[in-house]
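Asks: Have a look; sequence and predicted model below, questions after that.
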Amino acid sequence: MPSVKTHPKNIGKENSDVLIGTGERSVKMGFMQINVYSLGLYVDPSSPSFRIAFASYSGVSSHKDLIDDEAGFYRTFVNGGFRKTFRLVFCRTISREKLVNGFAEPLRARVDEEHSNDAEHILEKLVPQNGVADDDMLTIVYEGDGESLVVNFSENKTKQESELVRMKSGGEGGVWRAFQNIFFDSNTAIPDIRRGAVSGLHIVLAEQEQSIEKQEKVKESVKPQQPFEVAVEDANAVPKSPEKENKKNWSDWAVREGDPNYKFGDITRGIVATVSGKTQKADKHEPISKTRDQPELFSTQNENRSEQHADVEELKKTLQVHKDKINWLEADIERHRKRISDLEERIQEAYRLLPPLLVFVLLMSKLLAASSFGFNLLVYVVLIVASGLIRQGEIAKAFLQN
């Protein structure tokens, strides 16, 4: 069974598109589950339309909470006017006819009559003539205008990229929505992708909220100082003696009226004025408006406490985001463990069936030893197939052990 493909965290111009989840398309063949392709889903969180679309989901802390209203959430996601990129990495060689047929029926069922020709056009151009091989990549970009989509193909063997189709088909029954709904509406045949492809969206939303909060704090921190704040700073300043401050005289230091030259008692009066906080001579016509006893002078301290509280809250949100990432990774690991366990059970089932099959074939070959050459040849072919199954089981077992 091929390994699940990996997807980079960011793609697109300036790496602006962010991975929000992955999922696998698989089919059941006998007792084996075979991967067809791995899908990585990317969005552009910097788009204003992205923030508008998910404004009502602000504060959501988990994937479960995000999709609590399944119908409403997936409708919001599909209809959202922001760029979405579906990155399909193939796990095996598939013919063009088989791959197109896999998309044809679900797409035709989701477009209306007005856009049926659009559906046929994209199906005709969707897959290269030679089909796809292991690690080839098909990228479907849904632009944020709600109608434009571009399909690109990257061949792993030659490392060449090419544009397969560029078209516009918007509206309720258009290809832009219908192709997304193959993966996300309630009738999808790919529930693994429906759940997994958006499993990290809540983390992107939380990081975006934190980024907006930081930008607002920066704006607050660089705002111009108000006149009142300057007055508060001046009122809190400690007066200096005339020896240390040449601009002041003895009458200023002692906070008295009259002769600026030294008078007996100026040193004592200056020290008392410094201790009591009286640093200026009183205006005869207007009382001092700001003193240490007025509560508004402590507004700066209150602002500092508010900033410290905001920093603590920001740290808590950051910690929660990292916890969500860990939970997402643990859930992904558990999902792969279940797949490995399922594969082990199927291998064991195959081993249980092989011995009786071999015994049966040997007995039949003994009983029909006198039969025609063609029948004997058929028996030998069955033996070769059985040997091949055993070999495949050994390879899968070695893969699991590694």
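Replies: That came in fine, so what should we check first?

Asks: rest of the way, CA atoms for contacts and neighbours
Replies: Will do.

Asks: The residue lying closest to residue 104 once chain neighbours are set aside and residue 183, how far apart?
Replies: Once flanking residues are discounted, residue 104 sits nearest to residue 123: 6.7 Å by Cα to Cα, 6 or more residues apart in numbering. With the distance defined as Cα to Cα, to the nearest Å, residue 123 ends up 16 Å from residue 183.

Asks: Next: residue 144.
Replies: Distance, residue 144 to residue 183, by Cα to Cα: 18 Å.

Asks: again with residue 90
Replies: Taking Cα to Cα, one finds residue 90 at 16 Å from residue 183.

Asks: Neighbour count: the two, which is higher?
Replies: Legend: neighbour count by other Cα atoms under 10 Å for residue 90 and residue 183, higher for residue 90 (23 against 20).

Asks: correct me, but the more buried one touches residue 139?
Replies: No: using Cα atoms under 8 Å as the test, residue 90 is too far from residue 139 to be in contact (11.2 Å).

Asks: and residue 151, that one's in a strand?
Replies: Yes: secondary structure of residue 151 (DSSP: H, G, I helix; E, B strand; the rest coil): part of a strand.

Asks: What about it, how many residues nearby?
Replies: The tally of other residues near residue 151 (other Cα under 10 Å) stands at 21.

Asks: For residue 61, see how far away it is.
Replies: Counting by Cα to Cα, the gap from residue 151 to residue 61 is 33 Å.

Asks: Quick check: which ranges of the stretch 201-350 of the chain have low pLDDT?
Replies: Residue ranges of the stretch 201-350 of the chain with pLDDT under 70: 222-248, 264, 275-305, 307.

Asks: should've said the stretch 1-150 of the chain
Replies: Within the stretch 1-150 of the chain, the ranges that satisfy pLDDT under 70 run 1-3.

Asks: does residue 81 count as helix, strand or coil?
Replies: coil.

Asks: State the number of residues packed around it.
Replies: Using other Cα under 10 Å, the number of residues around residue 81 comes to 20.

Asks: hang on, it packs against residue 144?
Replies: Yes: counting by Cα under 8 Å, residue 144 is a contact partner of residue 81 at 4.6 Å.

Asks: CA atoms only for stretch 66-77, dumped as PDB, please.
Replies: Taking Å, rounded to 0.1, in the frame of the first residue of the first chain, the C-alpha atoms of stretch 66-77 are listed here in PDB:
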ATOM      1  CA  LEU A  66     -15.900  24.600  13.800                       C
ATOM      2  CA  ILE A  67     -18.000  21.900  12.000                       C
ATOM      3  CA  ASP A  68     -20.600  21.700  14.700                       C
ATOM      4  CA  ASP A  69     -23.100  23.100  12.200                       C
ATOM      5  CA  GLU A  70     -22.000  21.000   9.300                       C
ATOM      6  CA  ALA A  71     -24.300  22.200   6.700                       C
ATOM      7  CA  GLY A  72     -23.800  25.900   7.500                       C
ATOM      8  CA  PHE A  73     -20.000  25.600   7.800                       C
ATOM      9  CA  TYR A  74     -19.400  23.700   4.600                       C
ATOM     10  CA  ARG A  75     -21.700  26.000   2.700                       C
ATOM     11  CA  THR A  76     -19.800  29.000   4.100                       C
ATOM     12  CA  PHE A  77     -16.500  27.500   3.100                       C
END
